[in-house]
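Peer 1: Any chance you can model this:
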Amino acid sequence: MKRIQTGALILAVCLLLSACGVLQENASVSDTAFLLDTTVTITIYGTRSTDLLDACFDEIQRLENLLSAAVEGSDIHRINDAAGGAFVTVSSETLHVLKRAQEISALTGGAFDITVGPLVNLWNIRGGTGTVPDQAQISAAQSLVGYENLEISGNSVRLARAGMCIDLGAIAKGYIGQQIRELLLREGAEHALIDLGGNILAVGGHTDGSPFRIGIQDPFRPTGTACAAVSAADTCVVTAGDYERYFESGGVRYHHILDPETGAPARSGLSGVTIVASDCELADALSTTVFILGAEDGLPLIESLEGIECVLIADDGTVTVSSGLEDCFELLS
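Peer 2: Alright, predicted model coming up:
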């Protein structure tokens, strides 16, 4: 784990201490590290102690070592290596994520599919580079995609066909965010922001009782430029967009959100999708799913699910907000 900042403390001039000296109302502690192939920042409010902050980063590293296909010896790496062969015994945590992924795949008709790994590897979109495969290569990779061929028996998992592979990039951060939230709450931290590179998790709100204000990236402007904001407390705000990871070839931009149906980057008419929900796993998966489905099919899906809201930004800049989000949504100029 590469720690970008060490023990950064953001303190008010005067700390307002609770009677027992535990909650320091105007204090916060924050740190940033490169994990999960992205920049991760955690801020805990009402404390000056860095011990819990360190524990959070350690837990993220542990879970990445368990769930990342890129980490040799991880549960997912072992499942992928054994594809087409024997069942692989995995941890209860990995089992939970895989079962949840199957449920969401069924819910979305396969638009969300963690067995998309062969397509991810084929396009290899990383760091501004990638490969534009021909249709024969795409079709061959598509033939290895299908969540129905992920078999679970007890605490063992198997991919039915050789060459299949799992990629948890569209759900792992949601699961990990939830685990960090639970860790914070167990240790008595009731006010925190967890930023897992596009996955924002608000633990409670500000110490004064007000909600956090979370900006939504403008897909057409430089990173860090918000076009809208939502008020959030005890909820997740997860964004997926075509501006996050991409490469250009022949004057065409190819982004990293791949549609299992076409085997290519999704062309749904959307440039950004933000999901707001208390269920971080579902929010993570649905941000990708709705981006693939587009507004016509994606918005009705969101409206059909209780406790799930969305902000859709079309290629032409049009912003659409689901019906339950209007009171806590603000469009910025």
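Peer 1: Who is the residue lying closest to T129 once chain neighbours are set aside paired with across the strands?
Peer 2: Using Cβ to Cβ, 6 or more residues apart in numbering and skipping the chain neighbours, the partner closest in space to T129 is F247 (5.3 Å). For every residue, glycine as well, the C-beta is placed using N, CA and C. For F247, the beta-bridge partners are Y254 (DSSP bridges).
Peer 1: What residues does F247 make contact with?
Peer 2: 125, 128-130, 253-254 (Cβ atoms under 8 Å, 6 or more residues apart in numbering).
Peer 1: so which of these would you say is closest to S156?
Peer 2: I125 (31.9 Å; Cβ to Cβ).
Peer 1: how close does that closest one sit to T289?
Peer 2: Between I125 and T289 the distance is 19 Å, computed by Cβ to Cβ, to the nearest Å.
Peer 1: between the two, which one's more packed in?
Peer 2: T289 (29 against 19; other Cβ atoms under 10 Å).
Peer 1: Find the helix or strand that the more buried one is a member of.
Peer 2: helix 280-293 (DSSP states H and E).
Peer 1: export that helix as PDB, just CAs?
Peer 2: Backbone C-alpha positions of helix 280-293 (Å, rounded to 0.1, in the frame of the first residue of the first chain) are rendered in PDB as follows:
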ATOM      1  CA  CYS A 280     -23.300   0.200  -1.400                       C
ATOM      2  CA  GLU A 281     -22.900  -3.100  -3.200                       C
ATOM      3  CA  LEU A 282     -26.100  -2.500  -5.200                       C
ATOM      4  CA  ALA A 283     -25.200   1.200  -5.800                       C
ATOM      5  CA  ASP A 284     -21.800   0.200  -7.200                       C
ATOM      6  CA  ALA A 285     -23.300  -2.500  -9.500                       C
ATOM      7  CA  LEU A 286     -26.200  -0.300 -10.700                       C
ATOM      8  CA  SER A 287     -23.900   2.600 -11.600                       C
ATOM      9  CA  THR A 288     -22.300   0.400 -14.200                       C
ATOM     10  CA  THR A 289     -25.600  -1.300 -15.200                       C
ATOM     11  CA  VAL A 290     -27.500   1.900 -15.800                       C
ATOM     12  CA  PHE A 291     -24.700   3.300 -17.800                       C
ATOM     13  CA  ILE A 292     -24.900   0.300 -20.100                       C
ATOM     14  CA  LEU A 293     -28.700   0.200 -20.300                       C
END
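Peer 1: next SSE after that helix?
Peer 2: helix 295-303.
Peer 1: Show me what that next one is packed up against.
Peer 2: strand 270-277, helix 280-293, strand 308-314 (3 or more Cβ pairs under 8 Å, 6 or more residues apart in numbering; DSSP states H and E).
Peer 1: where does this structure dip in pLDDT?
Peer 2: 1-25, 333 (pLDDT under 70).
Peer 1: could you redo the last one with a cut-off of 90?
Peer 2: 1-26, 49, 127, 198, 244, 326-327, 333 (pLDDT under 90).
Peer 1: Can you show me the helices along it?
Peer 2: Along the chain, counting by DSSP state H, helices occupy 51-67, 75-81, 92-107, 117-123, 135-142, 172-186, 280-293, 295-303.
Peer 1: To R267, which of the ones you listed lies closest?
Peer 2: Nearest to R267, of the helices of the chain and by Cβ to Cβ, is helix 280-293 at 9.5 Å.
Peer 1: how far off helix 92-107 does that closest one point, in degrees?
Peer 2: Relative orientation of helix 280-293 and helix 92-107, computed by axes from the mean of the first three to the mean of the last three Cα atoms, to 10 degrees: 40 degrees.
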